[in-house]
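Trainee: Give me coordinates for this.
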Amino acid sequence: SRNLLGAFVALELISLSLYAMTVLNQARRASAEAALKYLTFGAVASGFLLFGLSYLYGATGQLDLTQMTGLQHSPLIVLAYLLIFVGLGFKLALAPFHLWAPDVYQCAPTPVAGWVATGSKIASAFLLIRILHPVAANPDLHQATLSAFSAIAVVSMLIGNLGALRQTNLKRLLAYSGIANMGYLLVGAIALSTDGMASSLFYVVVYSLANLGAFGVVAVLTDHLGREARIDDFKGCWKRSPSLACAFLVFFLSLAGIPPLAGFVGKYYLFFAAIEKGSALGSGLGDGYFLLVAFALLMSVVSLYYYVKVLKAFLVVNDESDLAGPNLGTGAKVGLFALAFAVIALGLFPEPVMEFIRLAVIR
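Mentor: Sure, this is the predicted structure:
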């Protein structure tokens with residue numbers, strides 16, 4: 001939607017559905033606690049977002065984003081965008097608005113956690129890019145938002161990757177991984193160019209496909225074990241269920257950004273857009289983009305440790321127990337392998353999708 005009110009209502013419909021789905025597991029008190037935390041944080045974030053949108057409307061007199069041309073650098077506009085960033089920062093689980101994510105991911109039913117980690121983030125990323133459109137035309141406003149975005153991106157990548165290093169519960173690890181990945185997404189978004197915005201949307205789509213597939217594998221194993229899955233529970237999975245291990249390998253290598261999978265291509269587009277913007281600005285302002293990309297590359301290397309730790313349990317370590325492998329039903333096989341195929345296909349042939357997204361961004 002290009003209408004601020006329509007976009008807000010649509011985003012809240014997604015959020016309200018997820019709040020209710022988080023508490024579906026009535027047998028676990030932790031599920032109710034996570035849902036209450038999610039609802040509380042979400043209500044506060046929605047308040048910030050709505051205040052920001054109302055100030056933006058008050059400053060421009062427009063609800064249609066396509067009509068917000070020639071935004072001026074004023075305290076009211078800056079305040080409006082800061083409030084909007086706080087609201088969307090919660091939806092995207094960006095630091096320091098991420099505190100709800102690890103508990104909700106762990107305590108919600110696994111399929112619901114998968115949708116929390118993907119569906120809401122896709123919607124929020126699309127709204128973020130749409131709202132950033134008017135900022136791109138004003139260099140002063142761009143500079144004001146650049147500092148805030150860069151700080152949030154750095155903190156998100158740092159907290160996400162360092163937090164994931166010490167996790168043993170796989171869903172909490174995926175939560176911290178998601179925080180870091182949303183930090184990478186901001187690297188392209190703050191370029192405020194057509195390629196930067198398109199690369200951010202492409203990245204959130206390919207990240208969501210891989211993340212949803214990873215949660216699908218965890219859901220299969222959780223159902224098999226009858227409890228929360230830990231990393232050690234995956235030992236010997238390559239021997240007991242090789243098809244599940246192969247699918248999980250594709251998803252995790254994509255999240256880690258290993259070529260030729262979609263996650264690598266997505267990061268390439270993000271970092272290239274930021275470097276291109278930095279080169280266009282020259283020394284001074286452009287140096288900030290180069291430093292941000294360098295930090296993102298460093299954090300990507302750090303993330304390899306916890307991704308490889310999980311894959312080691314999946315594919316290398318033998319399990320001495322005689323526990324049988326999970327029994328994959330037809331629906332689970334079709335769903336997981338369709339997601340794995342999409343991740344591989346978007347890594348090998350990304351340009352048609354990128355071109356479609358570019359056209360959508362320009363419109």
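Trainee: ok, the residue lying closest to D103 once chain neighbours are set aside to A180 distance?
Mentor: Spatial nearest neighbour of D103, excluding adjacent residues (Cβ to Cβ, 6 or more residues apart in numbering): A34 at 5.1 Å. Any C-beta I mention is one placed from the backbone N, CA and C, and that applies to glycine too. Applying Cβ to Cβ, to the nearest Å, the value for A34 to A180 is 21 Å.
Trainee: the more surrounded of those two?
Mentor: A180 (27 against 24; other Cβ atoms under 10 Å).
Trainee: my guess is that one meets V155, correct?
Mentor: No. Between A180 and V155 there is no contact under Cβ atoms under 8 Å: 10.5 Å.
Trainee: residues in contact with V204?
Mentor: 121-122, 125-126, 185 (Cβ atoms under 8 Å, 6 or more residues apart in numbering).
Trainee: for the strand or helix carrying it, which positions count as buried?
Mentor: Element membership for V204, per DSSP states H and E: helix 194-225. Residues 195-222, 224 are the ones in helix 194-225 that count as buried (16 or more other Cβ atoms under 10 Å).
Trainee: right, and the helix or strand after it?
Mentor: With DSSP H and E, the next secondary element past helix 194-225 is helix 237-240.
Trainee: who does that next one touch, helix- and strand-wise?
Mentor: Where contact means 3 or more Cβ pairs under 8 Å, 6 or more residues apart in numbering; DSSP states H and E, helix 237-240 is packed against helix 242-256, helix 285-315.
Trainee: Let's have those helices in JSON lines, adding distance to E355, mean pLDDT and mean neighbour count.
Mentor: As requested, the helices and strands packed on helix 237-240 are exported to JSON lines (distance: least, Cβ to Cβ, whole Å; pLDDT from 0 to 100; neighbours: other Cβ atoms under 10 Å):
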{"stretch": "helix 242-256", "distance to E355": "21", "mean pLDDT": "87", "mean neighbour count": "22"}
{"stretch": "helix 285-315", "distance to E355": "23", "mean pLDDT": "86", "mean neighbour count": "17"}
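Trainee: Any chance of JSON lines for those helices, columns distance to E276?
Mentor: Shown next, in JSON lines, are these (distance: least, Cβ to Cβ, whole Å):
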{"stretch": "helix 242-256", "distance to E276": "24"}
{"stretch": "helix 285-315", "distance to E276": "9"}
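Trainee: picking up where we left off before, which neighbouring elements make contact with the helix or strand encompassing the residue nearest to D103?
Mentor: Using DSSP H and E, A34 sits in helix 29-60. Packing partners of helix 29-60 (3+ Cβ pairs under 8 Å, 6+ apart): helix 4-22, helix 75-91, helix 101-107.
Trainee: State the three-state secondary structure for the nearest residue to I159 once chain neighbours are set aside.
Mentor: Computed as Cβ to Cβ, 6+ apart, the closest residue to I159 that is not its neighbour in sequence is A95, at 4.4 Å. Reducing the assignment at A95 to three states with DSSP: H, G, I helix; E, B strand; the rest coil gives coil.
Trainee: Surely A95 touches A153?
Mentor: No. Applying Cβ under 8 Å, one finds A95 not in contact with A153, separated by 9.3 Å.
Trainee: Neighbours of T168, how many?
Mentor: Neighbours of T168 (other Cβ under 10 Å): 11.
Trainee: and what of the one 10 residues further on?
Mentor: Other residues within reach of G178 by the criterion other Cβ under 10 Å amount to 28.
Trainee: for the one 4 residues further on, same thing?
Mentor: Under the neighbour criterion other Cβ under 10 Å, M182 is assigned a count of 29.
Trainee: Report the contact partners of the residue lying closest to it once chain neighbours are set aside.
Mentor: Leaving aside its chain neighbours, M182 sits nearest to L92 (4.7 Å; criterion: Cβ to Cβ, 6+ apart). Going by Cβ under 8 Å, 6+ apart, L92 touches 121, 124-125, 128, 182, 185.
Trainee: Tabulate the residues you listed (JSON lines), appending secondary structure and pLDDT.
Mentor: As requested, the contacts of L92 are exported to JSON lines (DSSP: H, G, I helix; E, B strand; the rest coil; pLDDT from 0 to 100):
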{"residue": "K121", "secondary structure": "helix", "pLDDT": "88"}
{"residue": "S124", "secondary structure": "helix", "pLDDT": "90"}
{"residue": "A125", "secondary structure": "helix", "pLDDT": "90"}
{"residue": "L128", "secondary structure": "helix", "pLDDT": "89"}
{"residue": "M182", "secondary structure": "helix", "pLDDT": "93"}
{"residue": "L185", "secondary structure": "helix", "pLDDT": "92"}
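Trainee: Thank you kindly, that will do.
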